[in-house]
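Peer 1: Would you be able to build a 3D model of this:
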Amino acid sequence: MEDSNEIKSKPRRQILIATDGSETANEAADFGLEMVGCSGAKVYVIYVIETTPYRSVPLDQIWSKEVLEDVEKAGYEATSYIEKIAKAAGAEVESRVLKGNPAEKIVSFAEDNNIDMIIIGSLGKGGYERLVMGSVSEKVARHAKVPVLIVRERHKSEKKLIQA
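Peer 2: The predicted model follows:
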């Protein structure tokens with residue numbers, strides 16, 4: 001007979017934070033890590049290099065080796081801030097720089113790595129810009145099979161009040 005007082009350990013949470021290196025992405029990471037409490041969690045931080053075809057040729061095939069290296073370097077720099085705050089919150093952290101369509105890569109990474117939650121920022125684009133470009137966060141929320149925490153950009157006047 002099993003001891004009823006035995007505490008069953010919960011599986012370690014796996015959280016995916018997608019970043020584009022923007023201030024909004026960093027704010028989303030700050031807020032998301034604070035909300036979900038990451039002590040003991042595994043956090044994946046990913047940056048996706050947009051390689052959507054230009055005139056049917058993928059951008060990474062048009063770019064020179066130096067340009068691609070610079071873009072990859074920018075990706076790792078974008079993940080470094082989030083790595084630092086996730087480690088400070090007690091999480092194990094792994095960063096990746098991927099190439100492709102950002103929304104598709106985020107969703108497939110989450111599925112392939114048994115992610116429990118996705119945290120992503122949103123610039124809150126509207127109107128024509130959203131119609132033409134779409135929103136990565138919106139596409140991720142629509143297609144992900146796990147909960148998605150979308151953190152909207154703070155309004156500029158709100159940022160000024162906080163800094164004062």
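Peer 1: correct me, but Lys139 touches Ile118?
Peer 2: No: if you go by CB atoms under 8 Å, Lys139 and Ile118 don't touch, sitting 11.6 Å apart. In this view, the C-beta of every residue, glycine as well, is placed from N, C-alpha and C.
Peer 1: can you tell me the helix or strand for Gln16?
Peer 2: If you look again at residue 16, you'll see it is Leu, not Gln. strand 14-19 (DSSP states H and E).
Peer 1: re the thing from before, if you count surrounding residues, which of Lys139 and Ile118 has more?
Peer 2: Neighbour count, other CB atoms under 10 Å: between Lys139 and Ile118, Ile118 has more, with 26 against 16.
Peer 1: mind checking how far the helix or strand hosting that one is from the chain centre?
Peer 2: Using DSSP H and E, Ile118 maps to strand 117-122. Computed by CA atoms, centre = their mean, to the nearest Å, the chain-centroid distance of strand 117-122 equals 5 Å.
Peer 1: Counting neighbours, which bits of it end up buried?
Peer 2: In terms of neighbour count (16 or more other CB atoms under 10 Å), strand 117-122 has its buried residues at Met117, Ile118, Ile119, Ile120, Gly121, Ser122.
Peer 1: can you list contacts of that strand?
Peer 2: Strand 117-122 has contacts (CB atoms under 8 Å, 6 or more residues apart in numbering) with 13, 15-20, 22, 24-29, 32-33, 36, 106, 110, 135-138, 140, 144, 146-153.
Peer 1: Buried ones among these?
Peer 2: Of the contacts of strand 117-122, these count as buried by 16+ other CB under 10 Å: 13, 15-20, 24-29, 32-33, 36, 106, 110, 135-138, 140, 144, 148-151, 153.
Peer 1: where's Leu149, which helix or strand?
Peer 2: Using DSSP H and E, Leu149 falls in strand 148-152.
Peer 1: what packs against that strand?
Peer 2: Identification of packing neighbours for strand 148-152 by 3 or more CB pairs under 8 Å, 6 or more residues apart in numbering; DSSP states H and E yields helix 23-36, strand 117-122, helix 136-143.
Peer 1: So for the first one, mean pLDDT?
Peer 2: When you say that, I think you mean helix 23-36. Averaging pLDDT along helix 23-36 gives 89.
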